[in-house]
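*Asks:* My questions concern the predicted model and sequence given below.
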Amino acid sequence: MSTPIASAAPYYARYRPPYPAECYALLADRFALDGSQTVLDLGAGPGTLSLPLAPLAEHVYAVDPEPAMLAEGSRLAEEQGRTNTSWLRGDAAGIGRLCLPRLDLCVIGGAFHLMDRVRVLADLDGMLAPRGGVAVVTTSSAGSGRSGQGPSWPAVVDEVCARFLGPDHRPARPVDEPDDAVQDLTDRLAKSVFSRVGITTWEQSTRCTLDQLVGLQFSRACSCPARFGDRKDAFESELRSALLAHDPGGTYVRSVTVTAAVATRPRR
């Protein structure tokens, strides 16, 4: 059965920006990806990580609990000619029941903080090859920490969302996890069997059009179209008007920090 996040799937596939090419270069170097490896993308969504990894692997298994996300991923894979990807419905708690072959790498995006991380890492210990490992790739708002520096348009989105969804909904910040998540992630990985942890970050700053910025809001679980019901069109109209009033030029800077935490077993 689909959930409200199903309504976000087409927006997620179209408007979520890709991770930097340097991220895949890092994974290719760290895990010697040469087209002969098997990769699991856990919490894959529409394949944001899976599809760029496909040319580097023999096969990629993209696993997600939401059928609509898998359908979008499958569609994109067909468009891109990625014939070495499998789209499997499942969640982190049941990865052992998927009967996957031995894995060389498991990548996990922003959904990691929603998982039972202790259990997932323990399960992956039995699924990953001796030299295999885990890479958790997350996005956080550049300038969203203590300094408070960053683009001003998120406050406009927050105000419109609050009028439609209530003051507790704040979807504008381009963030997968809280500001202190990197240290928490490092600590959790270090306490697992994959205790050899390396952290790499990249700063990204891109210019979004009005259409891209609106689509980005609909790609989020907290502000997907299903959250608005029959007020979706009214929300979109007000959001567009408010953003254009804020910046009549219709372009908006989106600044984020992408973090890749690569974790392997200690060398013996």
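*Replies:* Everything's here; your move.

*Asks:* Tell me, how many residues neighbour S205?
*Replies:* 10 (other C-beta atoms under 10 Å). Yep, even glycine has a C-beta here, placed from its N, CA and C like the rest.

*Asks:* List the contacts of it.
*Replies:* A142, V253, R254, S255, V256 (C-beta atoms under 8 Å, 6 or more residues apart in numbering).

*Asks:* Now the fourth one. Its backbone dihedrals?
*Replies:* This points to S255. phi -110, psi 130 (degrees, to the nearest 10).

*Asks:* quick one, helices of the stretch 51-200 of the chain?
*Replies:* Ranges of helices in the stretch 51-200 of the chain, per DSSP state H, counting those that start in this stretch, are 67-80, 117-125, 153-165, 181-190.

*Asks:* do you know which of those helices lies nearest R240?
*Replies:* helix 153-165 (9.5 Å; C-beta to C-beta).

*Asks:* What are the boundaries of the strands in the stretch 151-268 of the chain?
*Replies:* Along the stretch 151-268 of the chain, counting by DSSP state E, counting those that start in this stretch, strands occupy 196-209, 251-264.

*Asks:* Looking at the ones you listed, spot the one closest to S152.
*Replies:* Short answer: strand 251-264, nearest of the strands of the stretch 151-268 of the chain by C-beta to C-beta, at 9.2 Å.

*Asks:* helices or strands up against the closest one?
*Replies:* Contacts defined by 3 or more C-beta pairs under 8 Å, 6 or more residues apart in numbering; DSSP states H and E place strand 251-264 against helix 21-30, strand 128-141, helix 181-190, strand 196-209, helix 210-218.

*Asks:* gap between S50 and A28?
*Replies:* Plainly put, S50 is 15 Å away from A28 if you go by C-beta to C-beta, to the nearest Å.

*Asks:* Neighbour count for these two, which is higher?
*Replies:* Neighbour count, other C-beta under 10 Å: between S50 and A28, S50 has more, with 28 against 17.

*Asks:* The more buried one against V60, yeah?
*Replies:* Yes - proximity of S50 to V60 meets the contact threshold set by C-beta atoms under 8 Å, at 5.0 Å.

*Asks:* For those two, list the residues in contact with both.
*Replies:* Common neighbours of S50 and V60, counting by C-beta under 8 Å, 6+ apart, are V39, D41, T85.

*Asks:* Skip the chain neighbours and tell me the closest residue to R207.
*Replies:* In space, and not counting its chain neighbours, R207 is closest to T251: 5.0 Å by C-beta to C-beta, 6 or more residues apart in numbering.

*Asks:* okay, now the one you found: neighbour count?
*Replies:* T251 has 11 nearby residues by other C-beta under 10 Å.

*Asks:* show me the contacts for it.
*Replies:* R207, C208, T209, L210.

*Asks:* hey, what's the third one bridged with?
*Replies:* Looking back up the chat, that one is T209. T209 forms beta bridges with T251, as assigned by DSSP bridges.

*Asks:* Name the nearest residue to V160, sequence neighbours excluded.
*Replies:* Excluding the flanking residues, the one nearest V160 by C-beta to C-beta, 6+ apart is L239, at 4.8 Å.

*Asks:* Could you count how many residues lie near that neighbour?
*Replies:* Other residues close to L239 by other C-beta under 10 Å number 24.

*Asks:* so it touches A162, yeah?
*Replies:* No - using C-beta under 8 Å, L239 makes no contact with A162, being 11.7 Å away.

*Asks:* nearest to R97, of the contacts of S205?
*Replies:* Closest to R97, out of all of these and judged by C-beta to C-beta, is V256, at 34.6 Å.

*Asks:* now the contacts of T251: which count as buried?
*Replies:* Listed as buried from those are C208, L210; burial here means 16 or more other C-beta atoms under 10 Å.

*Asks:* Can you mark which positions in stretch 107-126 are buried?
*Replies:* Buried residues in stretch 107-126 (16+ other C-beta under 10 Å): 107-113, 115, 117, 120-121, 123-124.

*Asks:* what about it, distance to the chain center?
*Replies:* Computed by C-alpha atoms, centre = their mean, to the nearest Å, the chain-centroid distance of stretch 107-126 equals 14 Å.

*Asks:* Quick one: residues in contact with it.
*Replies:* By C-beta under 8 Å, 6+ apart, stretch 107-126 touches 27, 39-45, 48-50, 53, 92-93, 95-96, 103, 106, 134-139, 176-177, 181, 185, 188-189, 192-194.
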